[in-house]
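[1] Return a 3D structure for these sequence lines:
(one chain, ligands or ions: 1)
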Amino acid sequence: NPVPEFNPVLGSLVWVEDPKAAWIDGEVVEVKGEEIKVRFTSKKTVVVKASTVCQKATEAPPYGVDDMRNLAYLHEPGVLQNLKSRYGINVIYTYTGNMLIAVNPCRKLPYLYDKNMMEQYKRADFGELSPHPFAIADAAYRGMINGGKNQSVLVSGESGAGKTETAKQIMRYLAYMGEGRVIEQQVLESNPVLEAFGNAKTIANNNSSRFGKFVEIQFDQRGRISGAAIRTYLLETSRLSHVSDHERNFHCFYMLCAAPPEDVKRYKLGKGNPRTFRYLNQSKCYELEGVDDSKEYIATRTAMGIVGISPDEQDAIFRVVAAILHLGNIEFANGKEMDSSQPKDEKSWFHLRTAAELFMCDEKKLEDCLCKRESVTCGDPDSAAVSRDILAKTIYSKLFDWIVHKINSSIGQDPDSKSFIGVLDINGFESFTTNSFEQFCINLTNEKIQQHFNKHVFKIEQEEYTTEEIDCSCIDYVDNQDVLDLIEKKPGGIIALLDEACMFPRSTHKTFTDKLYLTFKNHKRFIKPKLSRAKFTICHYAGDVTYQTEMFLNKNKDYIVAEHRALLNASKCSLASNLFPPLSEEPSKASKFSSIGSQFKQQLEALLDTLSATETHFIGCIKPNKLLKPENFESKSVLQQLRCGLVMEAIRISCAGYPTRKQFYEFVDQFGILAPEVLDKSYDEGTACKRLLEKVRCKGYQIGKTKVFLRAGQMAELNARRSEVLGRSASIIQQKFRSNLSRKEEAKAEENTKLQFSLQEILLLLKETQAMFMKECEAAERAAKQIRVVKEVQSQSFGRCLSVYTHCISVLEVLWWFAFGLVGL
Ligand SMILES: Nc1ncnc2c1ncn2[C@@H]1O[C@H](COP(=O)(O)OP(=O)(O)OP(=O)(O)O)[C@@H](O)[C@H]1O
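    Here you go, the predicted structure:
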């Protein structure tokens, strides 16, 4: 938490960290050395160390600021409060510099994404309109067209935070820029197809992507989409055979069960009741609120057609999906021979026969494949069940890869493409009660992305400091290379040791874990938990995560059981046999040992190489509450995400230097009122800023070539002084106006005329007051431009009730309303 230096005194407004509510604001009511007593609005008091509290801005705008960098104090509670107050009025997007933070509204806000909105963002410069994913997409598009550089948009956040939704809006905007052609539609329609086969209901999200995705959209010379390539990462196949409570398997299974009767019959699904299939009935969750699976089936088929999957191919895909359901229903009993098994009963025989029929493979071979002792299993009923699940998972993951490959080849890549924009939608940092190999891989991804992000933010900061010719030695970033080395260094990293263990038949998860303990006993990012021999802890940038090693070896092994390959390769269904080419056609597999961990590491390296060669834009998605209920902002959970995500790191890097920057003219415009005399002289703008800052004895600043750079907290101090001056001006105007008014009233009373003012009289009165006001505030007015001061004066003196008049365009007009208000009163 970047807590800027601050010495609280009696009466200071502060934020105090709270285990339940994240941060609570209060007032310092007692100071005793290092300890201070703070009273909250609830009247409760706490005594805390002064160094642990953060300063609270006295005048934060009630509905927050568009860019976090405009916050008076750029610290954790400030950021949190800003997001919360905006979320309260349905403003879900906020910038931190160039990064967009998106808080999931957990309800549809269609007006935010219509064509009209796209049109507006198309015409505006970045920062001109409110923060929005379209602004990020537009910046990427312009960067590509004008700057000629490939771009990428990196969308991160935990499950349910809104990554996929945000990535879709980015793609919609990019498609809009080259509207009306088949290829754009194909790119967009690839989403529902991938979601049908790769998404599932989880506790965190009813439509959770169970894979990572990088979509590279290619553009031609004229800026129109000319091709696309989709890369997917780590499909969660363990879900296929084991579904946890309140979750579902992949959507396609339920869609198929809800298909029109002729299709249910065709795929031999009985009555199409998902409750009758073991792979679906483990969690008792079948329907999704607001989702009609039968409609989804039709929509998926249509989308499959659009992305170029022919009706025959669709038929084969759903036949394989149905076969997997039957496969899951085969149960086993002991066979006649030792260490052998056979389908348990007639029902299991039926499912075996149906699965073979749908796979278009030999029934006897399928039986042998599951029940006979072979290379990896010993043949008993339990091993047969393991073999069945391995087969189902292998087929499903091959099927998913085939679909991705098919979409890629039918959309097509443009060999002459001039440039591309990549959109990365990948799961954020994960830390559960039990963490296994999947979390290990996801967290490795996040470490990589964190490093890329830190370098990126640092580079941008450094570039700005260099352009402005100011000293940049104060900024730095924490490099997490040590964690990356621990995981992926070759030789000697955890992945390398895991591969080594997988190659030795006698290795177990225990021998593997012992080896880790021995190798990394002095590594400062590695911890051996006290009581367990099957766990290890990594100190990630986002916190410590303890991994359970039991399944590491199995999950890392990437091979297809020879019998499974032979069975399906001989299938009469060309799709099924293509999923399992003979080993000789997969040279990479035939020659050397292959592991999921190493493959994933290579995929990540390629991804990071691609990202590094692009200009990257970041979007951090935030889940406001665990249940995804609208209008519920749980500060504690949001804070946790901010800490684990990229936002706080960007802020930390920024705070280490000079987070507030203002163009000279903006600065003079805003703060000239504090030292009008420096503006009188014919200083250039930069010198005027310097003199002004010297006069107000500002401690932390640098003057660049076009901008003033301020240390964290300085902006709030300057704002407070400005408010003081404006407050004084306001009371002077009020006094003048009132005394002017009462003089006129007295005169009228003496003349015994009616105590009522005509419009002309009020105008005259206002002109006189204005003249006086000019005299009193001459210098201030010159510094801050007439209308601005008056607007501020107006809000100072009448507060919110008069703020509606901010449209007034001249001093006279504003004062007219001002007087009108007084007379009215
Ligand atoms: N901007 C938005 N407007 C309306 N609904 C949204 C928005 N962002 C997210 N949602 C909804 O919130 C839910 C979760 O969003 P989404 O699936 O995009 O999350 P995710 O981060 O991709 O999760 P996962 O990692 O589990 O796939 C979805 O039901 C989605 O429709």
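[2] And what about the residue in the stretch 251-400 of the chain that the ligand sits nearest to, helix, strand or coil?
    Closest contact between the stretch 251-400 of the chain and the ligand, by Cβ to the nearest ligand atom, is at G290 (9.2 Å). Glycine gets a C-beta too; all of them are placed from N, C-alpha and C. What DSSP: H, G, I helix; E, B strand; the rest coil gives for G290 is coil.
[3] With V16 instead?
    With three-state DSSP as the basis, V16 sits in strand.
[4] Make sure it is actually in contact with E27.
    No. With contacts counted by Cβ atoms under 8 Å, V16 stays clear of E27, the gap being 10.7 Å.
[5] Can you give me the distance of the closest residue to P62 other than its chain neighbours to K515?
    Of all residues not flanking P62 in the chain, S85 sits nearest, at 6.6 Å (Cβ to Cβ, 6 or more residues apart in numbering). Applying Cβ to Cβ, to the nearest Å, the value for S85 to K515 is 52 Å.
[6] A200 too?
    35 Å.
[7] out of those two, which sits in the busier spot?
    When A200 and K515 are compared on other Cβ atoms under 10 Å, the one with more neighbours turns out to be A200, at 24 against 16.
[8] Quick check: what element follows the helix or strand harbouring A496 along the chain?
    Applying DSSP states H and E as the criterion places A496 in helix 494-503. Toward the C-terminal end, the helix or strand that comes next after helix 494-503 (DSSP H and E) is helix 509-519.
[9] can you list contacts of that following helix?
    Here helix 509-519 makes contact (Cβ atoms under 8 Å, 6 or more residues apart in numbering) with 492, 494, 497-498, 501, 526, 528, 533-536, 549-553.
[10] Take those residues and keep only those in strands.
    Residues of the contacts of helix 509-519 located in strands (DSSP state E): 526, 535-536.
[11] which of the residues you listed lies closest to Q670?
    Among the ones in strands among the contacts of helix 509-519, F526 lies closest to Q670 (Cβ to Cβ), at 50.5 Å.
[12] got the contact list for that closest one?
    Taking Cβ under 8 Å, 6+ apart as the criterion, F526 is in contact with 486, 516, 520, 536-539.
[13] and it, bridged to which residues?
    Beta-bridge partners recorded for F526 (DSSP bridges): I538.
[14] and the chain, which residues reach the ligand?
    Residues of the chain found near the ligand (Cβ under 6 Å from any ligand atom) are 104-106, 108-109, 157, 159-165, 204-209, 427, 621, 628.
[15] mind listing the strands in the stretch 51-200 of the chain by residue range?
    Under the criterion DSSP state E, counting those that start in this stretch, the stretch 51-200 of the chain contains strands at 54-55, 93-96, 99-103, 151-156, 199-200.
[16] If you count neighbours, what's buried in stretch 471-487?
    For stretch 471-487, a neighbour-count test (16 or more other Cβ atoms under 10 Å) marks 472, 475, 477, 480, 483-484, 486-487 as buried.
[17] I meant to write stretch 599-614 there.
    For stretch 599-614, by 16+ other Cβ under 10 Å, it's 600-601, 603-604, 607, 610-611, 614.
[18] Setting aside sequence neighbours, what's the nearest residue to A140?
    Q151 (4.0 Å).
[19] just F359 next, same as before
    If the residues on either side of it in the chain are set aside, F359 comes closest to A323, at 4.7 Å by Cβ to Cβ, 6+ apart.
[20] residue contacts, the one you found?
    By Cβ under 8 Å, 6+ apart, the contact list for A323 reads 354-355, 358-359, 395.
[21] Neighbour count for those residues - can I get that in a markdown table?
    A markdown table is the format used below for these (neighbours: other Cβ atoms under 10 Å):
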| residue | neighbour count |
| --- | --- |
| T354 | 22 |
| A355 | 26 |
| L358 | 25 |
| F359 | 26 |
| I395 | 24 |
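[22] Farthest pair within the buried residues of stretch 471-487?
    Across these (Cβ to Cβ), the longest gap, 30.9 Å, separates C472 and I487.
[23] just to revisit the earlier point, among the contacts of helix 509-519, which one has the lowest pLDDT?
    Ranked by pLDDT, these bottom out at R533, which scores 84.
[24] Let's verify A688: helix, strand, or coil?
    For A688, the secondary-structure state derived from three-state DSSP is helix.
[25] burial of the residue lying closest to it once chain neighbours are set aside, as a residue count?
    Among residues not flanking A688 along the chain, V678 sits closest, at 5.3 Å (Cβ to Cβ, 6+ apart). By the criterion of other Cβ under 10 Å, V678 has 20 neighbours.
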